[in-house]
Every structure is written in structure tokens, then in C-alpha cells.
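Q: Provide a 3D model corresponding to the input given below.
(chains A, B, C and D, ligands or ions: 4)
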Amino acid sequence: MASTLEERLYRSMKRIRRFEEVTAEIYPSDRIKSPIHLAIGQEQAAVAVCDLLEEGDWVGGSYRSHAMYLAKGGSMAEIMAEMYGKATGCCGGKGGSMHVISTAAGVIGSSAVVASQIPVAAGYALAARQAGRGRVVAVFLGDGATEEGCFYETLNFAALRRLPLLFVVENNGLAIHEPLAKRRAVPDGICRVAEALGVPSTRIADGGLHAIRDAAEAAVSALRAGTGPQLIEALVHRRRQHVGPDEDYDQGYRSRAEAEPWIESDPLPRLAARLAAEPRRRIDAEIEAEIAAAVRFAEDSPPPAPEGLFADVYA
Amino acid sequence: MASTLEERLYRSMKRIRRFEEVTAEIYPSDRIKSPIHLAIGQEQAAVAVCDLLEEGDWVGGSYRSHAMYLAKGGSMAEIMAEMYGKATGCCGGKGGSMHVISTAAGVIGSSAVVASQIPVAAGYALAARQAGRGRVVAVFLGDGATEEGCFYETLNFAALRRLPLLFVVENNGLAIHEPLAKRRAVPDGICRVAEALGVPSTRIADGGLHAIRDAAEAAVSALRAGTGPQLIEALVHRRRQHVGPDEDYDQGYRSRAEAEPWIESDPLPRLAARLAAEPRRRIDAEIEAEIAAAVRFAEDSPPPAPEGLFADVYA
Amino acid sequence: MSTPEPRVLRYVEALREATDLAMAADPSVFLFGLDVDDHLGIQGSTKGLQQKYGPDRVFTTPLSEDAMTGLAIGAAMAGLRPIHVHIRMDFLLLCMNQLVNIAAKARYMWGGQVSVPLVVRSMIGKSWGQGAQHSQGLHALFMHVPGLKVVAPANAHDAKGCLLAAIADDNPVIFMEHRLLYPTETPVPEGAYAVPPGRARLCTRGDDVTIVGVSNMVQEAVRAAALLAEAGIAAEVVDPVWLRPLDVDTIVESASRTGRLLVVDNGWTTCGASAEIVAAVVERTSETAGIRIRRLGFADTTCPTSPWLEADFYPTPRRIAEAAATLVHPERPPRLPEATRSASIQFRGPF
Amino acid sequence: MSTPEPRVLRYVEALREATDLAMAADPSVFLFGLDVDDHLGIQGSTKGLQQKYGPDRVFTTPLSEDAMTGLAIGAAMAGLRPIHVHIRMDFLLLCMNQLVNIAAKARYMWGGQVSVPLVVRSMIGKSWGQGAQHSQGLHALFMHVPGLKVVAPANAHDAKGCLLAAIADDNPVIFMEHRLLYPTETPVPEGAYAVPPGRARLCTRGDDVTIVGVSNMVQEAVRAAALLAEAGIAAEVVDPVWLRPLDVDTIVESASRTGRLLVVDNGWTTCGASAEIVAAVVERTSETAGIRIRRLGFADTTCPTSPWLEADFYPTPRRIAEAAATLVHPERPPRLPEATRSASIQFRGPF
Ligand SMILES: Cc1ncc(C[n+]2csc(CCOP(=O)(O)OP(=O)(O)O)c2C)c(N)n1
Ligand SMILES: Cc1ncc(C[n+]2csc(CCOP(=O)(O)OP(=O)(O)O)c2C)c(N)n1
Ligand SMILES: [Mg+2]
Ligand SMILES: [Mg+2]
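A: Residues are numbered from 1 along each chain as shown, chains lettered A, B, ... in the order given. Ligands and ions are numbered 1, 2, ... in the order given. Sure thing, here's the model as predicted:
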């Protein structure tokens, strides 16, 4: 039975949220052996955009890529095992949480050097355009990444060569603890830069999942039609530390009051409210089972064999 | 007797033009031992902007910096000797035509890696702002340089910290032989990028010297008032090869027809026409004498001593 | 009369104290880089300095490493003395053009008219899944380039003295820190002092084998020396402190005396600091010859995140000791005690 | 029956022919970079290829080296085989983040799921005022990093064979050319052939001294060998061809036999290819020891533009010969003939 759009979105969002919540719960036990950058509170861009993508499309992102990886269909067991440093992880234990990948699901390896994923995704888009089958690439980046020169260079080149590349700026207003106003003279000018370079852009100021999805729908069909790159900037809110499992509203660099409107407008309970009790309970149960299985898989998996250290330095 | 504005501009422009023409004449003799990137046909931005600058202000530029160097008051003898590779050159023979400098005249060392001078000039502007004496910095760059990420990064930072920095884009429509349309999706969008980042910008489409000077006058007084960076884009035409002494309209990548309107609107004969015969003859004579003296100085100067190879690696 | 207990500081505090002293003494010194002004303050090494010196002299930046490096260079040529901080050395790869093509060459290619008194602080990460892009010791890339200086203090005393020397230096200095050294303590004199280029430091004395360590590997080498001592082998551990310029003489003297040279780097060996040290020693001693030589460094792989793999990526006290013992007794290296006892040795001097 | 004269090509033509062959054979190969499609075509090495293969497979770019490198890496991971061209090696400093943090590490950090079949062509400039920023041989920076391969063909035959091998390689290859080699000629077979990693080339045979040359310095070393021969010294000139992976065995064999090793690099010595070669040889031979060793390379300065200074910046045949002669006869090195006769020697083989 094909699931409805609402079911799909709910499932995807809930699956990411719960995966990360469980990850945060496990974290203090030191069984996860990797820095973690959680997307709790800002999953919607990945959920909305990936809902429009198909097999053969690609997504790329940063160290904060659990959401993108899961939304695009990456294996939950393999990403959990990766964070545990196990041989069965999506990178065989060589990448950790910051470097997730799934060529099977169309997830480009994610990168921990801010913005470095952007031109790499453009390279996939170049290959997609060359192949000529209407495939598209979505690259996720933070607001901080838009300050790097290679964001600018990639926008220009993508526009020049009409690459099927969707830039998705997940603007949580922070780079680690530094607010946008300390980093950009025109804090709300990201879309204007893209437009000046020839990349049509849409800004969604309230982080609404459906608004993002509508924008993505228009953008992706333009991409498939070959009219060139598009950009979506979604304002969102990061609820946890930059890195690590906890909340940090008590650290002084931001207040809980700032968070309140975002928590109120959290798309997840809204999606939940729009589902009937039955499909919701079934979906929730499936998610919890998947997470439990993923944790078991990670815990039961063997560590990498020592000789693996020297494998895959070269192809 | 203080010279009039028209005399000043004529002298400055003519001095650069003749210096480069003589350089081009000498070049086939192999006495100049350096690649040369001539500004013949596009001297006006340097002339106009430097006319507004004072002692204590700085200018920075690329490998194509003869005009800037001379307009800001760099020694003609020393730049000629530098191109000859002599000990008396402005870099003691270690920089050649691409790396001119004059700390005495406020010329930041010019750099041959495209766009690399831009953030360096911003550093001077930071120091100028810190000193708080209303000093300003003008950085000259080509249209090609605007494609480098560090142009973007520097615009943003300069706007954020309100640096007294004037970006002067000498847009000759070419990067070596490649036209703008092969490099930018929005070929006329340079000013829009700057504006999107918070840098007020002016575009002078006809390369008019007085129009550039008017824009520069407004920009420099804003800079001195501390309101932050400004950008001027001047469309200009390069009449010689990218590198080397000759014209190259016969090479197929551009036609002489394109050049014609630019040659017709060449500011130099117009300036000449506005001067009375007498001051003009005197200025011309002084310029020719200065050039002859500079060539003699370069030819008569000794080569660097061998032990100079190891000097100034470290301070 | 008892001499007073010397004051002990952690490496991270020593860095902060050096910066504070330099900024208090010279208004042209300023400190900037991503996150230097947040509540964590680069692990504490820049904490409170913005409050003390204001946002014009201590400030964070946009994520724009390339331009920010150019900015620092320009400011330095214009007469200021910037300290530019990077939380990982890996990110310097974004600044290579400015550092190598401008900073290193400025004074030379512009005929001595300018100098670039710039300090670039950066930290090497290790353990807990730092992985490929947050763990690199890239000092060799900078040692290669004339015009740059490179320093890698391995203890709190040198962290302060080298940072003060670097700030006072009129040349660009790549200042390399190690995350795992931050909590380590040594006696650190109050007030300003410099540990300038020119002199390597002998950390332990011994006539059987010379072990040169770099950055964090100095501490690992000292631990290895303790292991070796229990097996009756006297190792002389040398800390070059400054990598460019390098005090080759001290290393040559020691290696000529012991006849065995083990260089342990906190980085890859190929074209690395260890290659340079070996080559420099050999060039100066090849007439007399006969020094047995060995290099250790990162495994010749990318750094993996899994702790089971990462454990074999780095030289450890035990592996260092084994390599040294094999140089001393190539045919029948002695059995070494378990590493547990010496693993906790904290390097606290001598000075 | 006379054997036909072998076909002779210039280095630059060999590069173009290799590219043409690879593009004809494999539609996934594409060629891009600043100015590859203009009427000069990177000195001719890319000339006419856009006309032949169209603007989707041969194209110029904006001045955006950093992003264009990321683009190449992404395209390579997605299944294409990019050749990215830079007219100077110095400009690779703008691409270090992508090359070192992504290209070199992609396969490893992403668990073997991807590979990066990328060729980065770049040219080293020399003479006529190239100066500080247009003359650097930066191969050591790349040799340092596991995951990259580095090759420096020194003649037309190898230019073609190495380029074809590099394009066929599933790893990122830094392909280093030298401007002064472009007009040099050797016999070059028609059709495709590979000069893959693994085997250094013996250019001259001799038992008195081993001279390892890199890139253009191979040719200078061959000229030096001619000078030495006139003084009765038989030099064995070794061209490693591939610098990473490096065929150390051939060098060790030769140096062990001659007892003298001179490494002449087309780059700086500190942490350079010459340091690595010396260190690698010494590590493998230190038990037997006794090889006299010397390095030559760029002067330890920035490259000056003035020809009077530049003349002393580079190793020359004469200086190479003098260093080799001093290794052979440390007390009383023989007088060498004037360099004029050998200066024109063109390296034409053997293959
Ligand atoms: C090139 C680079 N510079 C600095 C860092 C350190 N760093 C890690 S995350 C981060 C902030 C990035 O902010 P943003 O792009 O908005 O992403 P977010 O974390 O908010 O998702 C910084 C500065 C880095 N990893 N890479
Ligand atoms: C970073 C870098 N990339 C490439 C080059 C080679 N190059 C030299 S000049 C030039 C074109 C620059 O064009 P533009 O900025 O418009 O300046 P113009 O020459 O027109 O004055 C290029 C590509 C270089 N010097 N530096
Ligand atoms: Mg953010
Ligand atoms: Mg131009």
C-alpha cells in the first residue's frame, strides 16, 4: 500500500529525530566513538528536499549529515555502526559521523571541512548533466558555509554551465557559537548573492516543511528540465550543541527564549497531528524497531581488522 | 604653480601611456628581462582613482600594475630598472614587472597570482582603519579576478568591518583570451554581487575617465568618512596582448572592430585637446625626458650582486 | 631557606598568558580567527582576551580562511602584528596560496621593502574520531618553503616562550600546537621570555640511541625512553622545538655520539620533517658514516576514525621503544616491559 | 632491410597526443582548465581538442581553481575521468584543500565506496622573469600525502606514456610538467602505451656516482654526466619518473654499487623529494652504510626574477658535475671541462 505524502514526510522526519535522540542517549556511554553534530530541530530541509528526489539523484552535505543520509535512504544500521567505529559501518569505520556515504542510496560522501562538499556536488551534477537522464543533485550546506569562497565560485560555475544542482542552505543562524550578524554585513543577503550570479533563489523564513517542499518541488522540476541551478535558503533552528549530544541554552551565547518559537513551530508534532492514530502508531513502531536493530547491529558488529588500516589508500 | 585638474590628469595618463609604449619598443631588444602586461588603452582607472588619493593612502594591484604604480607616484626609473633586472630596481631585481612596489609612494607590492592582492589590500585597510587617520586603500583588479573566491570573501569582510577599501574592477572583458561570457553566467553582474554583500557599487560602462573620477571622488570621501567599502567597475579595453608588447587583433579571438569605439573614445587625446598647446608641450617634454632618464638609469645600473640571492629571505 | 615551588601551568594557559603579555606590551599585536571570542575561546587559549582588549584587537571572522590569511598578511606588512588562529591545522590547506605565494615571498620578491610579522596558530587533533580532516600534522608543507618559520612546542614552557618569540619575529611563523598537549603541565616562569629559533632541547640524556621527537611525539619519545631504560638502553631524546630553522648541529652531535638515530614525527614520513632531519644529518656525517637510521611517523595512510584502526596509525611509546631497541641491537632486540608504567609519564622539563 | 627511423615528437606534442588518444578511446575522459580551449592551447598541448571533442568535453573555466578542483573530484567520483590543467604549478596552492583534504582521502575515508580517477596537469616555469610565483616545483607537497600519486616525466616518450598511465589510473595523479621540456624531442611510439609507476629509468650507466634527477633536472644531470665523463668519472643518472610511488629499489641498487649518491631536485631540498630519496636510501642501507650523500635543488630562497640572480638559483650541469666529482674525490676533485660542449646535449632515450 503506497503511503501518502503526509505519512512519508512524518516517517522520514520522525525517523531522523528519533535516530538522533537515541544517538544522544547512547553518547555518554562512550560506545559511539565519534564527534556528533546533531540536526535535531532542523531536519525539515533534508526531509522536504529528499522527498522530491529519486533513485539516481544525489545528495551531498557536511559533517552534520545524518538527516540527509537517512532521508535519502541510507542504511540506518550502517550509519550507527559507523559511529561505533565498526567494520560494518558505511565507511568501514574510517569516516565516523562526519563522513557518511552511501553510493547505493545516492549519498555523496560528506565532508568535515566546511563548504568543501559544495564544488564536489557540482562535479556530480556535471556528470549527471553529461549523462543526460534528468538526474539532479542537492547539496546541503550551513549558513557559515556560504561565507567560503568556494560557495561563490560554485554558484557562478553552476549557473554558467546550467548544472542540475540544488543548493540547500540550512540557515540556523550560527556557525558553532557565532551568529550571522558577526559574519555577514548583510545577514539576510544569501539569496541576493545567488541571484546576482544567476541562480534563482527562494528563502523560507519560518522553516516550514511544506513551504520548503513546495520550493523544492518547483526547483527540482526546473533542474530536471535543464534550466540550471537553484537555491533554497531555509531558516531553521539547531536545538543541541554544535557538537555533542546536549542542549546548551545555558552557555550564554543564545537564550532559550530564541528557541521557543521554533519549538512551537516544530514540523514534527504538526505532521503527527495530521495523521490518523493508526498509521502513526504503526510508523512509530517500525521506526523504534529499526533503531533498536541498528543499535544491536552496531554493538554486535566486529571492529575493523588491523590490516584494514592499509586498505583503500589507493584504488 | 599648481597644475589644473586637466593638466594633472593629462600628465598622469600620458606618462603611463608613453612609458608603456617605450617599454614595448625596447622589449624586442631583450634588454627587459621580464614578462610585461601592458595597460595601454586602459590606464584611466588608475589615473582617475589615484588623482583622489593622498600621501598615506595605499594602492594594490596585479601583475598588470605599471599604471597604478606610476599614477600613485612610484619612481619611473626604479620600475624600469626592475624590468631590466637591475640592482636599482624597485625590488632590487627580485620582482620584475609583475611585482612592483613602492612603500615610499604607498604602492603595495603587486602580485602575479590573480586576485591574491585583494585580501592583502584589505589588511592594509584594516591597519588604516585602526590608525584612524582617514587613510584609504584602493585595490585594482581585473574582471577575471572577480571570479576567485577571495574576492567574494574580501567583499563580505570589508563590508562587515567597514574597511576603508575601494575595489576598482578594471573590466577589460578578457581573462587572457577568454571573454567574460565564457566565465560568468551574468557577465554584467559584478556590481550586483558586491551590492548583495553590502558594498555600494558604481559601474562606468564607457570607461570615461571623468566618470570614473567622479565615482571615485564620491567613493573616496565616503571611505574617509568611515562608512565602509565601495566598488567601482570600469569597462575598459586592453589594446595589446595579454602579455608581451604587441597588438594581437590578428589572433582570431577578438576583432579590431571591437577595438574601434574604444580607440575613438580614448581619454588621452580628449584630455590633450582640452589643454592649451603650451602646457601640453611642456608636459610632453618633461615626460619624454623622464622616460629617457629612466631608460638610461636602467641601462647604466649594475646587475644585482650574486650574494643578493640569499638576502631578504627572512627579515 | 627553601626555593619556592616553581609555578606550574598547563600548555593552554601558557598560550593564553603569552598572548596576553604580548598584547599588553604592544598595541600593534592583534588576535583573530574563527571563534577566538566565543565562550570556549579555542579551548581557553584565547578566553577573556576580547573582554580585555576589545573587539578591534580580538575578533572572530566569517568562514573565509583564504581571505582572512591575506588580510593578516596585509595588516602585517602595514605594521601590525597579527596572530591568526585556526582550530585545526587541516584548515591551513585553504590558506596555502596566501601563506606560500605571498607571506613567505613578500619580503624577498618585494626587494626587502616589507616584512610580514605574522603568527599562524593551528592545532593538530587526535583521537575520538578526528579522522581524515581533523588530525593532520602538516608542518612539512611549510618547512619546505623558504621565507616561513615553523615551530612546534611540545610543553607548556616552550608554548609560552615560542609564542612570544614568534610574535616578536618579523617573519611569518607557522605555530603548531597539539590538542593532546593542551592539558599537560610544566613549570612556566611568569613574565615574558622567548624560546627563539636556534637550539634544540635535550629532554633525556643517553649514549645508546638518539630519538628526535616532533610536537606531541616528544612526549611519546620520553615515555619510550623510560621503557628503554628499564631494558638497559639509554636513549637521548631531542626536541628540535623549531623545525625551520632547524638546529641540525645538536642532532648531528647526538647521533654521531650514539651511532643510532630514530626520528619520530607527528606527521607522515614521506618528504616529512623526519626525511629532512635524516637527510640533513646524513649529509653532514656521511664522510664518517655508520649511523643506523630509522623513521617513524603516521602510518602511510589517511587517518581513520575507528579507535581500533587509529591505534595503529600513530607511533606509540611502545613502538618507538621497539624501533630504538632494534637500532641498538639489530640482531637480538631486548624484551621491553609493558608500556603501562611509563604511559603516564608527564614531561615536565628540564629547562 | 633497414629499420625505419623512429618517429620523433616534442614533449608538448606527446602530451597532446596522449590526451587525444585517451579521449578517443574513452568518452568518460574530459579536459578542462583555464585557457585549454584558446588559440594557444596551453602551449599547444591542448590545441584543437575542443574542435575535435566539443565544448562539453573540452572547456575553459572561470578563475576559480578551488571550486574547479572540487568539481573535478566530484565528477571523477561520479564516474568521469577529468584532466584538469593549470598553466603553472604555483596555482595548485589554491587547490590544496580539495586535493589534500578530499581527493587524497576520498577513497579511504569513505570506506572504499568511491575512487577519484583525476589527473591534475601543471607546468613548472623557469627563466625570463618567472619569479617567485610562476616557478615553483611543488611536488614534495603532494608526495607527502598518502592517497595521491605524483609523476614528473622528463622527456617526450615518458610524457606520453605517463599521461596515458595517469589517465588510466583510478587515483588522483599530480602530473608535473616543465616548461623548458616542452620543446625537447625524443622518439615517441605511435598508439597508446603506458609508463606506469614502479620503475625508475637508468639514463646513463656508470659505477662512480649515482645522480638522481627530478623533472628537468634529469636533463641537467645527463649534461653533467657528459662533463664528468670527460674528467674520467662514470656517472649513473637515474630518473625516478614517478615520485609517488617511488622506485627506491633501483636507486638503492645503484647507490650501493657506486657508493655515492647525489640527488638533484627541481625544487627546494628541505622536506623535498631529495630529502625523501636520501632518507629512504639510508634507511634501507644503513646496516652496510658508507654511501656518501649530497643533495642539490633550488637555492633555499624565493626565486628571483633578475637573470643575474636566477642563474645561481638553479642547479646547473656544471654545479651538478662539481658536486658529483667532490663525492667521488672528496680530497682532490678533478678539474671539469667548460660546460659549453655538453650544454646542448638533448636527452633522447634510451627506452
Ligand atoms: C574550512 C573550515 N573552517 C572551520 C571549520 C570549523 N568549523 C566546524 S563547523 C563550523 C561552523 C559551520 O557553520 P555552518 O556552515 O552554518 O553549519 P552548521 O554547523 O550550522 O550546520 C566551523 C567554523 C571547519 N570544519 N572547516
Ligand atoms: C590564480 C591564478 N590563476 C591563473 C593565472 C593565470 N592568469 C594570469 S592573468 C589571467 C587572467 C586574469 O584576467 P583579469 O583578472 O581580467 O586581468 P587582466 O589580465 O584582464 O588585467 C590568468 C588566468 C594566475 N596568474 N593566477
Ligand atoms: Mg549554521
Ligand atoms: Mg580582464
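Q: how would you label the closest residue to A:Q130 other than its chain neighbours: helix, strand or coil?
A: Nearest in space to A:Q130, with sequence neighbours left out and distances taken as CB to CB, 6 or more residues apart in numbering or on different chains, is D:D56 at 6.5 Å. (Glycine included, C-beta is placed from N, CA and C.) Secondary structure assignment for D:D56 (DSSP: H, G, I helix; E, B strand; the rest coil): coil.
Q: near chain C, which residues of the stretch 151-300 of chain A?
A: A:A175, A:I176, A:H177, A:E178, A:K182, A:R183, A:R184, A:Q251, A:G252, A:Y253 (CB under 8 Å from any CB of the partner chain).
Q: Got a quick PyMOL command for the buried subset of the residues you listed?
A: In PyMOL, a selection of the buried entries from these looks like this (16 or more other CB atoms under 10 Å in any protein chain shown):
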select buried, chain A and resi 175+176+177+178+182+183+184
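Q: Of the residues of the stretch 151-300 of chain A next to chain C, which is the nearest to chain B?
A: A:R184 (6.2 Å; CB to the nearest CB).
Q: Whichever helix or strand C:A280 is part of and chain D, are they touching?
A: Using DSSP states H and E, C:A280 maps to helix C:273-285. Yes. Interface with chain D: helix C:273-285 contributes C:A273, C:S274, C:A275, C:E276, C:V278, C:A279, C:A280, C:V282, C:E283 (CB under 8 Å from any CB).
Q: Do a quick rundown of the strands in the stretch 151-300 of chain A.
A: A:165-171, A:174-175, A:178-179, A:201-204, A:230-235 (DSSP state E, counting those that start in this stretch).
Q: before we move on, back to that, give me phi/psi at the residue nearest to A:Q130?
A: With angles defined as degrees, to the nearest 10, D:D56 sits at phi -80, psi -20.
Q: Tell me if C:L243 really is in a helix.
A: No. Applying three-state DSSP, one finds C:L243 to be strand, outside a helix.
Q: could you list every residue that touches the residue nearest to it when sequence neighbours are not counted?
A: Nearest residue to C:L243, sequence neighbours excluded (CB to CB, 6+ apart): C:V150, at 4.3 Å. By CB atoms under 8 Å, 6 or more residues apart in numbering or on different chains, the contact list for C:V150 reads C:H139, C:F142, C:M143, C:V173, C:I174, C:M176, C:W242, C:L243, C:R244.
Q: Okay, now the sheet partners of the helix or strand hosting C:V150, with direction.
A: According to DSSP H and E, C:V150 maps onto strand C:149-151. The strands beside strand C:149-151 in its sheet (DSSP bridges) come out as strand C:173-178 (parallel), strand C:242-244 (antiparallel).
Q: Go through the ones you listed and pick out the most buried.
A: Stretch with highest mean neighbour count among these: strand C:173-178 (a mean of 27; mean count of other CB atoms under 10 Å in any protein chain shown).
Q: thinking again about what came up before, now distance to C:R88 too, for the strands of the stretch 151-300 of chain A, in CSV please.
A: As requested, the strands of the stretch 151-300 of chain A are arranged in CSV below (distance: least, CB to CB, whole Å):
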stretch, distance to C:R88
strand A:165-171, 22
strand A:174-175, 15
strand A:178-179, 16
strand A:201-204, 31
strand A:230-235, 27
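Q: Next, count neighbours for the residue in chain C that chain B sits nearest to.
A: The nearest approach of chain C to chain B comes at C:G74, 2.1 Å away (CB to the nearest CB). Counted with other CB atoms under 10 Å in any protein chain shown, the neighbours of C:G74 add up to 33.
Q: Run a quick check on it versus B:Y124, I expect a contact.
A: Yes. Contact criterion CB atoms under 8 Å: C:G74 and B:Y124 qualify, at 4.8 Å.
Q: got any residues that touch both of the two?
A: Both C:G74 and B:Y124 are contacted by B:G60, B:I108, under the criterion CB under 8 Å, 6+ apart.
Q: show me what contacts the residue of chain A found nearest chain B?
A: Residue of chain A nearest chain B, by CB to the nearest CB: A:G149 (1.7 Å). If you count contacts by CB under 8 Å, 6+ apart, A:G149 has them with B:E148, B:G149, B:C150, B:F151, B:Y152, B:E153, C:S64, C:D66, C:A67, D:D66, D:A67.
Q: and of those, the nearest to A:I36?
A: Lowest distance from A:I36 to the contacts of A:G149 (CB to CB) belongs to C:S64, with 26.2 Å.
Q: Spatially nearest residue to the closest one, not counting backbone neighbours?
A: B:E153 (3.6 Å).
Q: my guess is that neighbour meets A:C150, correct?
A: No. Taking CB under 8 Å as the definition, B:E153 is not a contact partner of A:C150, at 9.8 Å.
Q: list the contacts for the closest residue to ligand 4 within the stretch 201-350 of chain C?
A: Nearest residue of the stretch 201-350 of chain C to ligand 4: C:C271, at 37.0 Å (CB to the ion). The contact partners of C:C271, taken as CB under 8 Å, 6+ apart, are C:A140, C:H144, D:A140, D:L141, D:M143, D:H144, D:C271, D:G272, D:A273, D:A275, D:E276.
Q: Check A:R213 too.
A: Contacts of A:R213 (CB under 8 Å, 6+ apart): A:L9, A:A48, A:V49, A:D51, A:L52.
Q: Narrow the residues you listed to those in helices?
A: With DSSP state H as the criterion, helices contain A:L9, A:A48, A:V49, A:D51, A:L52 from among these.
Q: for the second one, what are its contacts?
A: It refers to A:A48. Taking CB under 8 Å, 6+ apart, one finds A:L9, A:L209, A:H210, A:I212, A:R213, A:A216 in contact with A:A48.
Q: A:Q44: what's it in contact with?
A: Counting by CB under 8 Å, 6+ apart, A:Q44 has contacts A:M13, A:G207, A:G208, A:L209, A:I212, A:A234, A:V236, A:P267.
Q: Up against chain A, what does the stretch 151-300 of chain C have?
A: C:A299, C:D300.
Q: Now with 6 Å, please.
A: C:A299 (CB under 6 Å from any CB of the partner chain).
Q: Find the nearest non-adjacent residue to A:A215, please.
A: A:T202 (4.3 Å).
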